[in-house]
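Peer 1: model the structure of this input:
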Amino acid sequence: MDLNPTRTNIILALIGSTIGLLAVYCAKLILLPKREGTEFKSMEDFRSALSDSRANGRYRRPDGSLPFAAVINSHPSDEIIYTLKPNLNDNFTGVNVKTNSFGMRSPERPIIKPSVTFRIALMGDSFAFGWGVDIKSGFAQVIEDLLNQDLNGSPKVEVLNFGIPGYSTFQEVALFQERALQFEPDAVLVFLVDNDFDFPFFIKDSSKESGLVQSFSLSRNDRANAPLLNAQKAAMKDKGPVTSLTRLIQLTDPLHIPVYLAVNPRRDWRNIMKKLSKLHETSLHFLEFGAEFEEIVKKNGYTDKDLNLPNDPHPTALRHSIYGKLIAQELVATIQQ
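Peer 2: From the prediction side, this is the model:
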């Protein structure tokens with residue numbers, strides 16, 4: 001038997017490292033939170049999950065907040081898929097979240113627009129929704145407050161926040177057509193994030209008559225799922241931001257409702273603007289404030305810690321405030337016309 005001390009020590013070290021790695025892996029499986037809102041394998045599973053303890057509020061995350069399943073309702077449309085529950089008043093993403101009777105994270109608004117009122121329908125995802133920040137700090141409310149201040153309440157401006165976490169542009173357009181149009185908006189503001197060019201939280205399973213595909217399960221490097229991935233990519237060809245925004249303009253142009261597009265001004269925003277270049281041929285109004293945002297960040301020495309929530313790419317109240325001011329100053333002249 002070879003009792004070489006050096007070799008023996010190396011073997012023992014390797015065994016110890018392997019055991020350590022296995023322990024870490026097992027701990028992660030046990031301790032890591034589930035992927036909130038992306039664990040449904042079909043529309044049937046989705047609806048079932050929305051009626052169990054996770055959805056009715058009996059199950060809560062360690063910080064006491066509700067899981068994603070507890071704040072949404074399934075929707076029969078393959079385009080919309082899900083909406084926010086109406087009349088929420090609970091802890092979600094670590095902050096109090098209230099929705100009105102129409103499932104908007106906005107104050108209660110009557111469907112019939114009051115006189116001398118200018119309504120802006122805000123369509124977007126978790127950024128527009130105000131993920132992780134108080135409703136007063138979200139840029140939807142910042143825009144409304146600043147415009148009413150600048151215009152002295154004549155007209156009174158209402159920003160109706162239809163933002164829903166996990167949405168992609170095609171869902172926003174479908175929701176606008178079904179729900180937002182009822183409120184007689186005078187303008188539409190779409191807030192676009194770079195992941196709108198990828199799969200949404202859920203997408204209809206194109207390989208079945210019904211069912212949902214979880215976006216995180218569509219790994220682009222998974223050869224076993226290549227047929228499904230390719231089918232879903234084909235299904236998304238007509239659901240990208242350019243096609244979806246073109247569809248929105250076709251809906252709003254005959255109604256003389258201007259559409260404004262704000263692109264999240266972070267890092268790759270210039271490349272996103274290039275991807276949207278075809279839309280310059282339409283009536284879409286681009287709110288190009290990316291350079292101004294970068295100048296503000298540079299001038300004040302803001303860091304990612306100042307602008308992003310902890311361990312989360314969503315904006316802090318500070319970044320929401322900057323967005324709100326920059327968007328409001330772009331919109332005020334239009335409202336005064």
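Peer 1: which strands or helices does the host helix or strand of residue 250 pack on?
Peer 2: Element membership for residue 250 (DSSP states H and E) is helix 241-252. Judged by 3 or more CB pairs under 8 Å, 6 or more residues apart in numbering; DSSP states H and E, the packing partners of helix 241-252 are helix 169-178, strand 187-192, strand 259-263. No exception for glycine: its C-beta is placed from N, CA and C like everyone else's.
Peer 1: mind listing what's buried in the first one?
Peer 2: Right, the one you point to is helix 169-178. Going by neighbour count (16 or more other CB atoms under 10 Å), the buried part of helix 169-178 is 169, 170, 171, 172, 173, 174, 175, 176, 177.
Peer 1: wouldn't the last one be in contact with residue 252 here?
Peer 2: No - the pair residue 177 and residue 252 does not pass the contact test of CB atoms under 8 Å, sitting 9.8 Å apart.
Peer 1: all helices for the stretch 51-200 of the chain, in order.
Peer 2: Here the stretch 51-200 of the chain has its helices, by DSSP state H, counting those that start in this stretch, at 126-129, 139-150, 169-178.
Peer 1: what's the last one in contact with?
Peer 2: Contacts to helix 169-178, defined as CB atoms under 8 Å, 6 or more residues apart in numbering, come from residues 77, 79-81, 83, 121, 123-125, 162, 164, 167, 188, 190, 192, 196, 200, 239-241, 243-245, 247-248, 251.
Peer 1: now which of these would you call buried?
Peer 2: Neighbour-count burial (16+ other CB under 10 Å) applied to the contacts of helix 169-178 gives 79-81, 83, 121, 123-125, 162, 164, 167, 188, 190, 192, 196, 200, 239-241, 243-245, 247-248, 251.
Peer 1: need the contact list for residue 162.
Peer 2: By CB under 8 Å, 6+ apart, the neighbours of residue 162 are 104, 121, 122, 123, 124, 128, 172, 175, 176, 179, 180.
Peer 1: and with 7 Å instead?
Peer 2: Contacts here follow CB atoms under 7 Å, 6 or more residues apart in numbering; on that basis residue 162 touches 104, 121, 122, 123, 175, 179, 180.
Peer 1: ramachandran angles for it?
Peer 2: Dihedral angles of residue 162 (phi, psi; degrees, to the nearest 10) stand at phi -100, psi 10.
Peer 1: with residue 136 instead?
Peer 2: Dihedral angles (degrees, to the nearest 10) for residue 136: phi -70, psi -20.
Peer 1: for residue 187, see how far away it is.
Peer 2: According to CB to CB, to the nearest Å, residue 136 and residue 187 sit 22 Å apart.
Peer 1: on that earlier part again, now, among the contacts of residue 162, which is nearest to residue 332?
Peer 2: residue 122 (15.9 Å; CB to CB).
Peer 1: which residue sits closest to residue 180 in space, ignoring its chain neighbours?
Peer 2: residue 121 (4.2 Å; CB to CB, 6 or more residues apart in numbering).
Peer 1: and what of residue 259?
Peer 2: residue 188 (4.6 Å).
Peer 1: burial of residue 189, as a residue count?
Peer 2: Residues lying near residue 189 (other CB atoms under 10 Å) number 28.
Peer 1: do the same with residue 261
Peer 2: For residue 261, the neighbour count with other CB under 10 Å is 21.
Peer 1: so it sits against residue 289, correct?
Peer 2: No - applying CB atoms under 7 Å, one finds residue 261 not in contact with residue 289, separated by 11.2 Å.
Peer 1: on that earlier part again, so how far is residue 181 from the residue nearest to residue 259?
Peer 2: 10 Å.
Peer 1: go on, residue 238?
Peer 2: To residue 181, residue 238 is 21 Å away according to CB to CB.
Peer 1: please say which of these two ends up with more neighbours.
Peer 2: residue 181 (16 against 10).
Peer 1: tell me the buried residues in stretch 263-276?
Peer 2: Buried residues in stretch 263-276 (16+ other CB under 10 Å): 263, 264, 265, 266, 269, 272, 273, 275, 276.
Peer 1: which residues of this structure fall in strands?
Peer 2: In the chain, the strands defined using DSSP state E lie at 72-74, 82-84, 89-92, 95-98, 117-123, 156-161, 187-192, 202-204, 212-214, 259-263, 285-287.
Peer 1: right, and these - which one's nearest residue 66?
Peer 2: Per CB to CB, nearest to residue 66 of the strands of the chain: strand 89-92, 4.9 Å.
Peer 1: what bridges to the residue lying closest to residue 106 once chain neighbours are set aside?
Peer 2: Of all residues not flanking residue 106 in the chain, residue 161 sits nearest, at 4.5 Å (CB to CB, 6+ apart). Beta-bridge partners for residue 161, by DSSP bridges, are residue 122.
Peer 1: residue 161: what's it in contact with?
Peer 2: By CB under 7 Å, 6+ apart, the residues touching residue 161 are 104, 105, 106, 122, 128, 140.
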